[in-house]
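Chemist: fold the following for me, if possible:
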Amino acid sequence: MDDVIVIGVGNPERGDDAVGAEVVAHLEGYLPPGVRLATTSGSDPATVMGLWQGVSRAILVDAMVSGAEAGTVQRFDATAEPLPHNVRLVSTHAMGAGMAVEMARALGRLPERLTVYGIEGSSYGHGTELTPRVAAAVRVAAGMILEEVADATVGTANHEET
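Modeler: Reported below is the predicted structural model:
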């Protein structure tokens with residue numbers, strides 16, 4: 001497997017919106033060589049697209065709103081098709097990671113493989129922590145990602161932050 005990046009999206013000051021970054025923090029030190037970690041607020045689609053530039057596989061983790069129960073983890077193959085219309089990746093800004101995915105699709109800038117893990121949130125208040133169900137979902141999503149990248153065999157794990 002070529003280089004892989006796991007990108008955690010979210011604002012650590014906005015409750016469940018921080019879940020992507022929390023998943024990345026949970027993965028620190030557990031990933032095989034060749035898998036990098038990065039976090040971003042996701043507010044700038046160009047930043048998100050820049051993080052996966054030059055890798056063959058990207059895994060994006062973000063809070064979502066789909067109507068599911070809080071803490072539900074859903075996996076989407078964003079290379080094969082657009083994200084479902086009922087799924088909105090959360091952003092406390094005008095644009096978010098979902099916009100980055102679809103903008104990259106339109107511009108032909110998706111990585112060879114892009115997997116999106118959405119974790120249903122319920123509280124996005126300023127200065128709040130993850131809700132209990134979303135906090136429990138961090139371990140679930142991290143486990144799913146670890147299983148998915150278990151065969152990665154190149155490079156070294158490191159962490160970038162933007």
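Chemist: report the buried residues of the longest helix along the chain.
Modeler: For the chain, the helix reaching the highest residue count under DSSP state H is reported as helix 132-148. Judged by neighbour count using 16 or more other Cβ atoms under 10 Å, the buried positions of helix 132-148 are R133, V134, A137, V138, A141, A142, M144, I145, L146, E148. Quick note: C-beta positions are derived from backbone N, CA and C, even for glycine.
Chemist: now stretch 65-78
Modeler: Taking 16+ other Cβ under 10 Å as the neighbour-count basis, stretch 65-78 is seen to contain the buried residues V65, S66, A70, G71, T72, V73, Q74, F76, A78.
Chemist: let me know the average pLDDT across that stretch.
Modeler: Throughout stretch 65-78, pLDDT has a mean value of 93.
Chemist: same question for stretch 89-99.
Modeler: 67.
Chemist: give the contact list for the most centrally placed residue in the chain.
Modeler: Taking Cα atoms, centre = their mean as the criterion, V61 is the residue nearest the geometric centre of the chain, at 1.6 Å. Shown here is V61, whose contacts under the criterion Cβ atoms under 8 Å, 6 or more residues apart in numbering are 6-9, 19-20, 23-24, 116-117, 119, 141, 145.
Chemist: ok, of these, which one's closest to Q53?
Modeler: Ranking the contacts of V61 by separation from Q53, with Cβ to Cβ as the measure, puts I7 on top at 11.5 Å.
Chemist: spatially nearest residue to L89 (excluding sequence neighbours)?
Modeler: Among residues not flanking L89 along the chain, G98 sits closest, at 3.8 Å (Cβ to Cβ, 6 or more residues apart in numbering).
Chemist: ugh, wrong one, R88
Modeler: For R88, the closest residue by Cβ to Cβ, 6+ apart turns out to be V65, at 4.9 Å.
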